[in-house]
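Just to be clear, the model below is a prediction. Sequence and coordinates:
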Amino acid sequence: MKLLNALLPSVALIAAAASAAEPAVQESRYLWPADYMADPAAHVFDGKVYIYTSHDWDSPVTDASDGAHYDMRDYHAFSLTGDPMTAEVTDHGAILSIDDVPWVARQMWATDVAEKDGKYYLYFSAKDYNGLFRIGVATADSPAGPFKAEPDPIRGSYSIDPAVYRDGDDYYLYFGGLNGGQNQRYDDNNILREMAPRPAKDDLAFGPRVAKLTPDMKQLAEQPRHVVITDSLGNRMLESDPRRYFEAPWIHRYGDKYYLTYSTGSSHLICYATADSPYGPFVYGGTILTPVTGWTTHQSVVEVDGKWYLFYHDSAPSGGRSSLRSMKVTPLTHLPDGNIVTIDGGKKK
Ligand code: FUB
């Protein structure tokens, strides 16, 4: 696909003030200007950085009511060695496609990959033939795939945006996205509230869900739990709170804390919250990224050779088309007090 964005320079701005009050305007890089790639999930495997993405395309579907215009049909893997801001990037092509997964009808949304005992497990969210998002798993012997999907989705799985965090011998699957991502339909896991609208403004916000994976990495070892996010006083956030969780959970560990980063969806922020356990409760910490061009914002955080990076996407290269997003990277700074420096997402006011 030819893109205008190949002609555009990446946002290369000079680092500025990094105070909490003023987002840092800092250098960022479009990693693959030749095509539209979204929801980047970055990991270091075998000494290389691998980035797993959903693959946006110029679909004729324009119905945005339940996110149908995010009409993706495959996932890609990319790799690079060294500094993500400058290293050459390799596209390993489509590592899993809609035609390879019998239960998937449409909308291959965000993905993530975990390694265990030399095997790689790709978790992906997509709609089944009943119009429900489920989470599937596919396996490979190499981080670059190709991945072979299990014939059925993970039992008891629902909603979107799987992210796997390894803690010692345990692997935790986080997931859940509001509105088109259907998280609000599942008040108590298997209880499907067919007509459930999005929560009212003074309802408690829905958090992500988390469950440990079975030793074979292919099923949930327990019922998913709600992940609670509170403000600094211990109060759970309300739906009306612009800092509340919407989608895109990601966990990283820094110092002795677990950091949950997430998208606030309709308020277009990437925020973080910290906890002493992978199950939470998480206490809100601040904003990592202010709004980008485009509606969605979706991140991963990874340490590469002792430096931390934020992988994310925006729609600037497509002229702001929400469903045509381009993946990016920028450095991420943890301050000595455990806070994270807020980065300017670059959306024009
Ligand atoms: O890419 C489709 C959806 O948009 C993802 O699953 C969400 O996180 C948002 O980025």
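In hand now; what should we look at?

gap between the closest residue in space to Phe45 that isn't next to it in sequence and Lys328?
Distances taken as Cβ to Cβ, 6 or more residues apart in numbering place Pro143 nearest to Phe45, at 4.3 Å, with adjacent residues excluded. C-beta: built from backbone N, CA, C; applies to glycine. Look at Pro143 and Lys328: by Cβ to Cβ, to the nearest Å, they are 21 Å apart.

So for these two, which residue has more residues nearby?
Here Pro143 and Lys328 are compared on neighbour count by other Cβ atoms under 10 Å; more neighbours surround Lys328, at 26 against 20.

how many other residues sit next to Lys348?
Here the number of neighbours of Lys348 (other Cβ under 10 Å) works out to 7.

So which bits of the stretch 1-150 of the chain are right by the ligand?
Selection of the stretch 1-150 of the chain residues close to the ligand by Cβ under 6 Å from any ligand atom yields Ala38, Asp39, Ser54, Tyr70, Trp109, Ala110.

Next up, the contacts around the residue nearest to Phe45.
Residues counted as contacts of Pro143 (Cβ atoms under 8 Å, 6 or more residues apart in numbering) are His43, Phe45, Asp46, Lys48, Tyr50, Ala77, Ser79, Val113, Glu115, Tyr120.

let's go with 6 Å and repeat that
Residues in contact with Pro143 (Cβ atoms under 6 Å, 6 or more residues apart in numbering) are Phe45, Tyr50, Tyr120.

The second one and His43 touch, don't they?
Which is Tyr50. Yes. Using Cβ atoms under 6 Å, Tyr50 is in contact with His43, at 5.5 Å.

quick one, which of the two is more surrounded?
Tyr50 (24 against 20).

what is that one paired to in the beta sheet?
With beta bridges defined as DSSP bridges, Tyr50 has these partners: His43, Ser79.

Tell me how far it lies from Ala140.
From Tyr50 to Ala140 the distance is 11 Å (Cβ to Cβ).

Restrict stretch 308-316 to CA atoms and write it as CSV.
What follows is the C-alpha trace of stretch 308-316 in CSV, where atoms were taken according to Å, rounded to 0.1, in the frame of the first residue of the first chain:
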residue,chain,number,x,y,z
TRP,A,308,12.7,2.3,28.4
TYR,A,309,10.5,2.9,25.4
LEU,A,310,6.8,3.6,24.7
PHE,A,311,5.5,2.0,21.6
TYR,A,312,2.2,3.4,20.4
HIS,A,313,0.3,4.6,17.3
ASP,A,314,-1.3,7.7,15.8
SER,A,315,-3.3,8.7,12.7
ALA,A,316,-1.2,11.7,11.7
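
Next up, identify which helix or strand the residue nearest to Phe45 is on.
Using DSSP states H and E, Pro143 sits within no helix or strand.

where do the strands sit along the stretch 201-349 of the chain?
According to DSSP state E, counting those that start in this stretch, the stretch 201-349 of the chain carries its strands in the segments 209-212, 225-226, 229-230, 247-254, 257-263, 270-275, 282-289, 300-304, 307-314, 326-331.

Surely Asp112 is in a strand?
Yes. The secondary structure assignment for Asp112 places it in a strand, going by DSSP: H, G, I helix; E, B strand; the rest coil.

Can you tell me the element the residue nearest to it when sequence neighbours are not counted falls in?
Take Asp112 and drop its neighbours on the chain: the residue closest to it by Cβ to Cβ, 6+ apart is Ala41, 4.3 Å away. For Ala41, the enclosing helix or strand under DSSP H and E is strand 37-45.
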